[in-house]
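Q: Show me the folded form of this:
(chains A and B)
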Amino acid sequence: MTGIDRSPTRVGSGIAVLAALTTLAAAGAFSWPALALGGVGVLAVATGLTLARHDAVTTGAAALFLGVLAAGLQGAPVPALLVGAVATAVAFDSAGTAIDLGAQLGRGAPTRRLELVHAGGTTLVGALTAVVGWAVFQIGVGTAPLTAPVLLLVAALAVAGALASRAA
Amino acid sequence: MNWRRVLVAVALLAFAVGVGSIVAPGTFGLGIDRYAVIVLGLLALGQTVRLVQARRRGRRERAETATPELPPSIESPGEDLDAVLSAFGRSGVRAASHRREQLRGVAREVLARYGDDREATPDERIDRGTWTDDPVAAAFLAEDAEPVSLRRRLRARVAGESSYWQGIDHTVAAIADVAGVATDGREGRSRAVLGRLRGSLGGPAAGVERDSAIDDPDPVERATGHWRGIGAAALAAIAAGVLAERPGVLLVGVVAIGYAAYARSARVPEATVSVDRTVEPTDPDPGESVTVSVTVTNDGDRLLPDVRVVDGVPPALSVVDGSARLGTALRSGSSATLTYTVEARRGRHDFDPAQVLVRNLAGTAEREQGITAIDATPITCLPTLEPVGEPLALRQQPTQFTGRVDTATGGAGVEFFATREYRSGDPMSRIDWNRHARTGDLATLEFREERAATVVLVIDRDGTADAGPEPRGETAIQRSVDAASRVFTTLLGDGNRVGIAALGDTDCWLPPGAGEVHRAKARELLATHPALTPGERPDTVLPFGWLAQLRGQLPGDAQIVLFSPLCSAAISDVARQLDAYGHLVTVVSPDPTTTDSPASQLATVARRFRIADLQSAGIPVVDWSWDDSLSVALARSTRRWSR
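A: Residues are numbered from 1 along each chain as shown, chains lettered A, B, ... in the order given. Below is the predicted model of the structure:
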């Protein structure tokens, strides 16, 4: 026995790549820039998983996310955007978990249950937020197109500010 | 802190009003127009940039886990050039010029011992640079070493090595060449030395090199930074959505904010985990497989979504099958089991606490803790004592007991020794009747007397003996202990009185004795004494206090058999001193040296010097090559010493 194989775990890597491909399909179907950015993102996530590099995974997730935004700016349908956003988050989360698990426990350790629970939690949170947001959006469309989103934006900004002040 | 509360309050208010204005338009009658929206969008953009800048500097954190599955890594002698140089007896400041001085001293000694030039003294040859064919080495040690030319220095710099280290490498290789140490592995040797001297670079996920699974028994909590960057993503989406008036993009931002809140909300749960370990069998033979089952149970009343366990495999044992690690989610009251197989080795092996890592569902916080198993059963492996096929040639020193050591005295025995004049009272069977028939004289035959000896086996467990040629293989100490147990059995079987001591450890002492009880005691001591157990990291011992105590304990006529790789000058001094005090010393020396880097070649040269010095002092040394069995080494040395 020569050592522990500390490369990222298989289950997490598989989930991450699948999720990244889902984002690519959801956003890339509606815009060329999204397809290009998504392609770069999938490649970067896969590279990060091969080399166990968090920075490559973060770059890939950022590219996927920018792809979703690009698709949105080019008028892709809202459900596709929401699926893309949630899938991006799942890809980012699963890839990061796979790298950490690989480094701590190694590829040979049984970790499937942990990874499935983790990915399930992330998907659930994303799905809930998306459904609530989608519902608010459906109710609000046409009645108050700007006031409501802007106020929601202020709320978001304030939360983000609070987060930033914690990090600082 | 207050700033955060204000922000959260603003967020809640804005959210409420925003939702209100969607549900019941016109309730608040806010006249927010286009420009305000653009300003807010730009603000969001600015905040995004700020966040990205702030978070880029942040780091992800995670607990590092050890690799208890593997036996501890051991060094071969010569990992550190400076240590080898000072082992030649010229310790002192580790300055650049000092290394040159030390190398010069070593070269002088090697030339004095091995150089066959009768016309020039070693010093003259070094000064003239005629001692080696290698111009770099010759120039490095020469008295009037001219400064290295700028061009060569530049070339060396481009090649990634300084001319100084290049000079050291070449000089060491040349010295080893003169001493007759094979200089194989020339490829990349400079890189090897440089890497060792300057500290090697670990891979991105190399794990922690330490013996136990966990080094801090107190729980450690840390933020992992797992969702780092999600806030920036949310702000970017919101800015883009607002500025481009795309509600869909804005919703993407809302989803991202949901994740940001998720990442913030959860706290790391208490590690309410218990570990139960069963071992089967608990008293294996060496090399037997031992199955270890570890059950991890969540005793708390809350779900643990992320539990990572690395079991505390005993340091000296290696996992041969299965994994001593587990990652799982545990509901309250449920448990998970991991099973693995270790290969038993000599000694008593206690398990370390298992390293348990617990994270929250979002994976943003982590708690690291060592948890000791409820039932702490060690693995105890007592090898049976096997004799060695070839007898160790003890030195001639008779006691009053009959035994198997040949003496230089004639008497009753088996082997012919001498004839002498008949004295009245000599037994009839010993009279040389042939001679009487020929000449009529009476003469008595004498045979070589065989006597028992009192022997104390001393095992070198100095830090320098904790070495071996293979990075995860046996150490010279383990070889010594195995050899000692076999020699003990053989000597005891031949009727000698045999004792055991460990160099530098006053506790480890078995006075010379004989009989079955003594044999059982020795078996227990050799297998389980902490000073001799594999996986323990011995310190470098200062043997002189120990030596005084050992001399007090030793019977006056006791011989010493020292098992030592002779990797330190202090140990060969011990051998010489014991010999000088009248205890006849024999050294059995397993050879842990390698020749794959210049520094280890130098260590090989140093060890050869020590063996030669001991032999010239009249102390026999069995140089036991690593690839040979003990019998082969003993047979070879017996042939060399044969009378």
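
Q: how near is B:P269 to chain A?
A: Distance of B:P269 to chain A, given as C-beta to the nearest C-beta, to the nearest Å: 13 Å. Any C-beta I mention is one placed from the backbone N, CA and C, and that applies to glycine too.

Q: ok, that residue touching B:L304?
A: Yes: using C-beta atoms under 8 Å, B:P269 is in contact with B:L304, at 5.8 Å.

Q: Compare those two and say which is more crowded by neighbours.
A: Ranked by neighbour count (other C-beta atoms under 10 Å in any protein chain shown), B:P269 and B:L304 place B:L304 first, with 26 against 20.

Q: Mind listing the residues bridging to that one?
A: B:L304 has the following beta-bridge partners by DSSP bridges: B:L330.

Q: and it, what does it touch?
A: B:269, B:271-273, B:298, B:329-330, B:358 (C-beta atoms under 8 Å, 6 or more residues apart in numbering or on different chains).

Q: quick one: contacts for B:T377?
A: By C-beta under 8 Å, 6+ apart, B:T377 lies in contact with B:277-279, B:282.

Q: Surely it is in a strand?
A: No: counting by DSSP: H, G, I helix; E, B strand; the rest coil, B:T377 is located in no strand; its state is coil.

Q: Which helix in chain B has the most residues?
A: Of all segments of type helix in chain B, defined using DSSP state H, the longest is helix B:34-57.

Q: What average pLDDT does that helix get?
A: Taken as a whole, helix B:34-57 has a mean pLDDT of 73.

Q: Equivalent analysis for stretch B:633-643, please.
A: Per-residue pLDDT over stretch B:633-643 has a mean of 71.

Q: Likewise for stretch B:339-347?
A: Taken as a whole, stretch B:339-347 has a mean pLDDT of 90.

Q: Buried residues of that stretch, list them for me.
A: Residues B:340, B:342-347 are the ones in stretch B:339-347 that count as buried (16 or more other C-beta atoms under 10 Å in any protein chain shown).

Q: wait, what's in contact with B:Q355?
A: B:63, B:65-66, B:213-214, B:309-310, B:312, B:368-370.

Q: Ramachandran angles for the most centrally placed residue in chain B?
A: Geometric centre of chain B, nearest residue: B:I74, 3.0 Å, by C-alpha atoms, centre = their mean. The phi/psi pair for B:I74 (degrees, to the nearest 10) reads phi -120, psi 160.

Q: contacting residues around it?
A: B:466-468, B:470-473, B:475.

Q: likewise B:A112?
A: Shown in contact with B:A112 (C-beta under 8 Å, 6+ apart): B:P122.

Q: what helix or strand is it on?
A: Per DSSP states H and E, B:A112 falls inside helix B:96-114.

Q: Which of the residues in the helix or strand following that helix are classified as buried?
A: Sequence-wise, the next helix or strand downstream of helix B:96-114 (DSSP H and E) is helix B:122-128. Neighbour counts using 16+ other C-beta under 10 Å place B:122, B:125-127 of helix B:122-128 among the buried residues.

Q: From the contact counts, what lies against helix B:122-128?
A: helix B:96-114 (3 or more C-beta pairs under 8 Å, 6 or more residues apart in numbering or on different chains; DSSP states H and E).

Q: which residues sit in contact with residue 39?
A: You didn't pick a chain, so chain A it is. By C-beta under 8 Å, 6+ apart, A:G39 lies in contact with A:24, A:28.

Q: Can you pull the phi/psi pair for it?
A: The phi/psi pair for A:G39 (degrees, to the nearest 10) reads phi -60, psi -50.

Q: and if you look at B:I560?
A: The phi/psi pair for B:I560 (degrees, to the nearest 10) is phi -120, psi 130.

Q: wait, doesn't it sit right on B:V458?
A: Yes: at 5.7 Å, B:I560 counts as touching B:V458 under the criterion of C-beta under 8 Å.

Q: These two - which one has more neighbours?
A: Remark: of B:I560 and B:V458, B:V458 carries more neighbours, 29 against 24, as counted by other C-beta under 10 Å.

Q: unless I'm mixing things up, B:V178 is touching B:W131, no?
A: Yes: using C-beta under 8 Å, B:V178 is in contact with B:W131, at 7.0 Å.

Q: hmm, back to that, spell out for me the ChimeraX command that would select the buried members of the contacts of B:L304.
A: A single ChimeraX command selects the buried members of the contacts of B:L304 (16+ other C-beta under 10 Å):
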select /B:269,271,273,298,329,330,358
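
Q: What is the nearest of the contacts of B:L304 to B:T224?
A: B:V358 (11.8 Å; C-beta to C-beta).

Q: for the helix or strand that closest one falls within, what is the average pLDDT?
A: Assigned by DSSP H and E, B:V358 belongs to strand B:352-359. Across strand B:352-359, pLDDT averages out at 88.

Q: In the sheet, which strands lie alongside it, parallel or antiparallel?
A: Strand B:352-359 pairs in its sheet with strand B:304-312 (antiparallel), strand B:365-371 (antiparallel), by DSSP bridges.

Q: After the shortest one, heading C-terminal, what element do we hit next?
A: As assigned by DSSP H and E, the chain's next helix or strand after strand B:365-371 is strand B:379-381.

Q: Quick one: residues in contact with that next one.
A: With C-beta under 8 Å, 6+ apart as the test, strand B:379-381 has contacts from B:279, B:282-286, B:288, B:290, B:314, B:317, B:342, B:344-349, B:527-528.

Q: make it 7 Å
A: By C-beta atoms under 7 Å, 6 or more residues apart in numbering or on different chains, the residues outside strand B:379-381 that reach it are B:279, B:282-286, B:290, B:314, B:344-349, B:527-528.

Q: returning to what we had before: remind me what the longest helix of chain B packs against, helices and strands.
A: With contacts defined as 3 or more C-beta pairs under 7 Å, 6 or more residues apart in numbering or on different chains; DSSP states H and E, helix B:34-57 has these neighbours: helix A:147-167, helix B:230-244.

Q: can I get the CA coordinates of stretch A:79-86 in PDB?
A: Output of stretch A:79-86 as PDB, limited to C-alpha atoms (Å, rounded to 0.1, in the frame of the first residue of the first chain):
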ATOM      1  CA  PRO A  79     -37.600  28.900 -15.600                       C
ATOM      2  CA  ALA A  80     -34.500  28.100 -17.600                       C
ATOM      3  CA  LEU A  81     -32.600  30.800 -15.800                       C
ATOM      4  CA  LEU A  82     -33.700  29.600 -12.400                       C
ATOM      5  CA  VAL A  83     -32.700  26.000 -13.300                       C
ATOM      6  CA  GLY A  84     -29.400  27.300 -14.500                       C
ATOM      7  CA  ALA A  85     -28.800  29.300 -11.400                       C
ATOM      8  CA  VAL A  86     -29.600  26.400  -9.000                       C
END
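
Q: buried set for that stretch?
A: Those would be A:80-86, for stretch A:79-86 by 16+ other C-beta under 10 Å.

Q: Quick check: what element follows the worst-scoring helix or strand of chain B on mean pLDDT along the chain?
A: Ranked by mean pLDDT, DSSP states H and E, the weakest helix or strand in chain B is helix B:189-198, scoring a mean of 40. Heading C-terminal from helix B:189-198, the first helix or strand you meet, by DSSP H and E, is strand B:220-223.

Q: Can I get stretch A:30-46 in CSV, CA atoms only?
A: Provided in CSV are the C-alpha atoms of stretch A:30-46 (Å, rounded to 0.1, in the frame of the first residue of the first chain):
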residue,chain,number,x,y,z
PHE,A,30,-31.0,30.5,-25.6
SER,A,31,-27.9,32.4,-26.3
TRP,A,32,-24.5,32.0,-28.0
PRO,A,33,-22.5,33.9,-25.3
ALA,A,34,-24.1,31.7,-22.7
LEU,A,35,-23.1,28.6,-24.6
ALA,A,36,-19.5,29.8,-24.8
LEU,A,37,-19.3,30.9,-21.2
GLY,A,38,-21.0,27.7,-20.0
GLY,A,39,-18.6,25.6,-22.1
VAL,A,40,-15.6,27.4,-20.5
GLY,A,41,-17.3,26.9,-17.1
VAL,A,42,-17.8,23.1,-17.5
LEU,A,43,-14.2,22.8,-18.7
ALA,A,44,-12.9,24.8,-15.7
VAL,A,45,-15.0,22.8,-13.2
ALA,A,46,-13.8,19.5,-14.7
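
Q: Kind regards, and thank you for your time.
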